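[1] sequence unavailable; structure follows:
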């Protein structure tokens, strides 16, 4: 019989997924509205409700964030 942790993700994992989803949504919206060059990491963090340090736990730089943001779209194509 599988352990409970295998069936349902723990709170920490759910929080990480939720943050990542907020980061993607914020980046996507800002890149679409302002463009990649004009959008700052700080603006993305503010919109996603996270600190700048948290953002860079998920991506190395803004270019990585661009790839992360549109990765799902590329997989569906």
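    Arrived safely, thanks for sending. What you see is a predicted model, and the numbers here were worked out from it, not measured in a lab. Numbers count the residues shown, from 1 in each chain.

[2] OK, contacts around residue 24?
    Going by C-beta atoms under 8 Å, 6 or more residues apart in numbering, residue 24 touches 68, 69, 72. In this view, the C-beta of every residue, glycine as well, is placed from N, C-alpha and C.

[3] so who does the second one touch?
    Spelled out, it's residue 69. When contacts are counted by C-beta under 8 Å, 6+ apart, residue 69 touches 24, 27, 28, 31.

[4] what's the burial count for residue 65?
    Using other C-beta atoms under 10 Å, residue 65 has 24 neighbouring residues.

[5] err, residue 28, not the other one
    For residue 28, the neighbour count with other C-beta under 10 Å is 18.

[6] three-state assignment of it?
    Per DSSP: H, G, I helix; E, B strand; the rest coil, the secondary structure class of residue 28 is helix.

[7] excluding chain neighbours, give the residue nearest to it in space.
    The shortest distance from residue 28 to any non-neighbouring residue, by C-beta to C-beta, 6 or more residues apart in numbering, is to residue 69 (5.0 Å).
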